[in-house]
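Asker: Got a predicted structure here, sequence first:
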Amino acid sequence: EAQLVQSGGGLVQPGGSLRLSCVASGFTFRSYWMHWVRQAPGEGLVWVSRSNGDGSDTIYADSVKGRFTVSRDNAKDTLYLDMNSLRAEDTAMYYCVPRGRLSIRGGQGSLVTVSS
Amino acid sequence: DIVMTQSPLSLPVIPGEPASISCRSSQSLMHNNGYNYLDWYVQKPGQSPQLLVYLGSNRASGVPDRFSGSGTDTDFTLKISRVEPEDVGVYYCMQPLQSPYTFGQGTKLEIK
């Protein structure tokens, strides 16, 4: 069964850093674009970043450009999101979401709370 | 940025009846390769998002065939031929054509 398991997240002070991880199993991870999307409580989905299959092409929302970095290790079937200079407005649930031929549910979510 | 506009935002449906969600983009989503870069996702209650349809009309493997996507350019539709109780959730269109990618506001499908 295809699955994504996330880790990381937590409470961090403004200006701090966090790393989110997303480990894939049950499908050919390297064949999938992977998005990071976030969702504030009660709100809709907001796209954050995308990595292509081999990680050579990454793009970001303007709100996180220069502060967040998406990367992947296809040997470990793992996607990462390094978040620096965190702001209160980055507070949200973050999901890794695959895009490919199979319909695969995104990771279970990582709650990031930026607060002093 | 490309603005994605969905309608309706709330969709109460009787089980067994059809449902339709519209998604309009502020710019054409037609790539020069001939494909429309429009995806549909669903977020079921308490779950993470999941791809239903990619490139406008390609149903992702594992998605029931009662779901279908259609449309071109700036006007797209997700149809459910016969709604089942398990289809409850929020449906989002998203354009992966131009960065930054953008989602529609979401359409909440509920059972009457």
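Answerer: Noted; the coordinates are in hand.
Asker: which bits of chain B sit near chain A?
Answerer: B:39, B:41, B:43, B:47-52, B:54, B:60-63, B:90, B:92, B:94, B:96, B:99-106 (C-beta under 8 Å from any C-beta of the partner chain). Any C-beta I mention is one placed from the backbone N, CA and C, and that applies to glycine too.
Asker: among these, which are in strands?
Answerer: Among the residues of chain B next to chain A, the residues falling in strands (DSSP state E) are B:39, B:41, B:43, B:50, B:51, B:52, B:54, B:90, B:92, B:94, B:102, B:103.
Asker: Bridge partners for the first one, pull those for me.
Answerer: Note on residue B:39: beta-bridge partners residue B:94, judged by DSSP bridges.
Asker: Count the residues that sit near it.
Answerer: 26 (other C-beta atoms under 10 Å in any protein chain shown).
Asker: Go ahead and confirm it touches residue B:97.
Answerer: No: using C-beta atoms under 8 Å as the test, residue B:39 is too far from residue B:97 to be in contact (10.0 Å).
Asker: Show me which residues of chain A sit near chain B.
Answerer: A:33, A:35, A:37, A:44-47, A:50, A:59-62, A:95, A:97-109.
Asker: Check which helix or strand the spatially most central residue of chain A maps to.
Answerer: With distances taken as C-alpha atoms, centre = their mean, residue A:36 lies nearest the centre of chain A, 3.5 Å away. Under the criterion of DSSP states H and E, residue A:36 resides in strand A:33-39.
Asker: any idea how far that strand is from the chain center?
Answerer: Strand A:33-39 has its C-alpha centroid displaced from the chain centroid by 5 Å (C-alpha atoms, centre = their mean, to the nearest Å).
Asker: picking that back up, give me the buried entries from the residues of chain B next to chain A.
Answerer: The neighbour count (16 or more other C-beta atoms under 10 Å in any protein chain shown) marks B:39, B:41, B:43, B:48-52, B:54, B:60, B:63, B:90, B:92, B:94, B:96, B:99-106 as buried among the residues of chain B next to chain A.
Asker: ok, the residue in chain B sticking out farthest from the centre to residue A:78 distance?
Answerer: Going by C-alpha atoms, centre = their mean, the residue of chain B most distant from its centre is residue B:32, 22.0 Å out. When distance is defined by C-beta to C-beta, to the nearest Å, residue B:32 is 33 Å away from residue A:78.
Asker: now do residue A:32
Answerer: Applying C-beta to C-beta to residue A:32 and residue A:78 gives a distance of 13 Å.
Asker: So for those two, which residue has more residues nearby?
Answerer: A direct count of neighbours by other C-beta under 10 Å for residue A:32 and residue A:78 places residue A:32 higher, at 23 against 18.
Asker: got a list of what the residue nearest to the more buried one when sequence neighbours are not counted touches?
Answerer: The shortest distance from residue A:32 to any residue other than its chain neighbours is 3.9 Å, reached at residue A:100 (C-beta to C-beta, 6 or more residues apart in numbering or on different chains). By C-beta atoms under 8 Å, 6 or more residues apart in numbering or on different chains, the contact list for residue A:100 reads A:27, A:31, A:32, A:33, B:51, B:54, B:60.
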